[in-house]
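Colleague: after the sequence you'll find the predicted model.
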There are 2 protein chains.
Amino acid sequence: MPKTGMEPLRRKALIDATISAIGARGSLDVTMSDIAGRAGVSSALAHHYFGAKEELLQATMRHILAELGADARAALRAAGADQRRRVAAVIAVNFSESQFRPSTIAAWLAFYVEAQRSPELRRLLRIYARRLHSNLKSALGGLLPPCEAELTAESIAALIDGLYIRRALKDGTPNADSAVALVEDYLATTLAQKAR
Amino acid sequence: MPKTGMEPLRRKALIDATISAIGARGSLDVTMSDIAGRAGVSSALAHHYFGAKEELLQATMRHILAELGADARAALRAAGADQRRRVAAVIAVNFSESQFRPSTIAAWLAFYVEAQRSPELRRLLRIYARRLHSNLKSALGGLLPPCEAELTAESIAALIDGLYIRRALKDGTPNADSAVALVEDYLATTLAQKAR
DNA sequence: TTTGGTTGATTGATCAGTCAACTAAAAATA
DNA sequence: TATTTTTAGTTGACTGATCAATCAACCAAA
């Protein structure tokens, strides 16, 4: 274990441990000791690097958001210029292997609740919501008239959030394929009915 | 204040106070003292009537579920035999004045999170999910082929949950009308496209 | 010998749950 | 009717456990 430049390693390990702890408990009601223990360090060290628990939680949310953003950009790049494929890419990213796993789903849900109390978390979640909406609307813009694109983007976003929350209620490994299929079916129906 | 038969009054007051406290905090992280204070009694009395905090929370969830169930039955009765109107009724109930208010929305969200830890709360939420699904599928059965009815029922249920979670993120009074309009638009599109 | 990394021990606050005691209404008894 | 007894309702004070946050000290590399 190198003694130099431990800070980024520890921060990353603590953030991963936070997601893992939230996943295990199913809520943000996790202790600093639990998190630190999962990262293999003492709780004092977690405080040393993050100051307060609240900041660690915010950093964790930021990390999840950043990963989702990076995945989305990569997927959009891979989808090219075809608008229909771009919509599919935006949808698929939210149910990809790296996002749609139990601990991440639990974290999303828990952060939604915590956002009621923490303005900073609410701000972060709003950024996510705006980005998702903007990605969807921009891709749908080429397929539907503006007003329909707006409504459809909102519907897809609500569907995604709804599938997350419902999946959290089920046991076992979440089935991403059926979730994607459901959203895709909605999209296909809407396009068939409303496409210009 | 009568000394006789206080128990049902106190239980009701404490359950109402629990919803109010959850609404104010935005999560289940409320103290027995806070709840009891809102009900105008001491925390010891809350323990006297409910034993443990967990039981009070369960009773509160049961109360919300019972109210929603009663509203749904009434709405279905009022809708009569017309299947299309029955679907609309099931949707509308979830966004009715008595259900779609900030404190109730916060409570739903918080209970979803807590359900990860509490088997009893998970059981209750599953009952709600099954009932909603069953109501939707039964009403849709007359309008769509069985397979489509199943998928559409799941989509509408996910849409409703998604709209709840998204509304929790916004400030101010939730706008039920636009939420209903969004679900109704989805339904109209689906029926137009897939109706037998 | 400085500096970054690390921890055990401690503190102070919070909170669920308990308990003994008090009140007043109702029921039983004289 | 008048008195005692029981019972339901209620609380303030307390306990024990938990946990975020702090701090003085320690270690090892540079």
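Modeller: Structure's in. What do you need? Numbering: from 1, shown residues only, chains lettered A, B, ... in the order given.
Colleague: what's the nearest residue to A:Arg25 if we skip its chain neighbours?
Modeller: B:Arg117 (6.8 Å; Cβ to Cβ, 6 or more residues apart in numbering or on different chains). Heads up, the C-betas are built off the backbone N, CA and C, glycines and all.
Colleague: wait, that neighbour sits on A:Val30?
Modeller: No - between B:Arg117 and A:Val30 there is no contact under Cβ atoms under 8 Å: 11.3 Å.
Colleague: A:Gln83: how many residues sit nearby?
Modeller: 16 (other Cβ atoms under 10 Å in any protein chain shown).
Colleague: is chain B contacted by the longest helix belonging to chain A?
Modeller: Determined from DSSP state H, the single longest helix within chain A is helix A:53-79. No - judged by Cβ under 8 Å from any Cβ of the partner chain, helix A:53-79 and chain B are separated, with a smallest distance of 13.2 Å.
Colleague: run the chain-centre distance for the helix or strand that that helix is followed by.
Modeller: Using DSSP states H and E, the next helix or strand after helix A:53-79 towards the C-terminus is helix A:83-94. Distance of helix A:83-94 from the chain centroid (Cα atoms, centre = their mean, to the nearest Å) equals 15 Å.
Colleague: so helix A:83-94 versus helix A:53-79, what angle?
Modeller: With axes from the mean of the first three to the mean of the last three Cα atoms, to 10 degrees defining the directions, helix A:83-94 sits at 150 degrees from helix A:53-79.
Colleague: name the helices or strands packed onto helix A:83-94?
Modeller: helix A:53-79, helix A:119-140, helix A:146-169, helix A:176-194 (3 or more Cβ pairs under 8 Å, 6 or more residues apart in numbering or on different chains; DSSP states H and E).
Colleague: which residues are in contact with stretch A:129-145?
Modeller: A:69, A:72, A:76, A:83-84, A:86-87, A:89-90, A:94, A:148-150, A:152-154, A:156-157, A:160, A:190-191, A:194-196, B:166, B:169 (Cβ atoms under 8 Å, 6 or more residues apart in numbering or on different chains).
Colleague: what stretches of chain A score poorly on pLDDT?
Modeller: By pLDDT under 70, the low-scoring segments of chain A are A:1-3, A:172-173, A:196.
Colleague: OK, now which residue of it is nearest to DNA strand C?
Modeller: A:Ala44 (3.1 Å; Cβ to the nearest atom of the strand).
Colleague: helix or strand: which one has the closest residue to that residue other than its chain neighbours?
Modeller: Closest residue in space to A:Ala44, ignoring its immediate chain neighbours: A:Ala36 at 8.0 Å, by Cβ to Cβ, 6+ apart. A:Ala36 is part of helix A:32-39 when elements are defined by DSSP H and E.
Colleague: output the contacting helices and strands for that helix.
Modeller: helix A:6-25, helix A:43-50, helix A:53-79.
Colleague: quick check: which of the ones you listed is buried the most?
Modeller: Sort the helices and strands packed on helix A:32-39 by mean neighbour count, taking mean count of other Cβ atoms under 10 Å in any protein chain shown, and helix A:6-25 sits at the top with a mean of 18.
Colleague: near DNA strand D at all, that one?
Modeller: No - judged by Cβ under 7 Å from any atom of the strand, helix A:6-25 stays clear of DNA strand D, getting no closer than 9.5 Å.
Colleague: repeat that for stretch A:50-60.
Modeller: Yes - residues of stretch A:50-60 contacting DNA strand D under Cβ under 7 Å from any atom of the strand: A:Gly51, A:Ala52, A:Lys53, A:Glu54.
Colleague: the third one: what's its closest spatial neighbour, skipping adjacent residues?
Modeller: With Cβ to Cβ, 6+ apart as the measure, A:Met32 is the residue that lies nearest to A:Lys53, at 5.7 Å, once sequence neighbours are left out.
Colleague: what does A:Gln58 give?
Modeller: A:Glu120 (5.5 Å).
Colleague: run a quick neighbour tally on that neighbour.
Modeller: Using other Cβ under 10 Å, A:Glu120 has 15 other residues around it.
Colleague: so it touches A:Ala59, yeah?
Modeller: No - here A:Glu120 does not reach A:Ala59: they are 10.6 Å apart, not a contact under Cβ under 8 Å.
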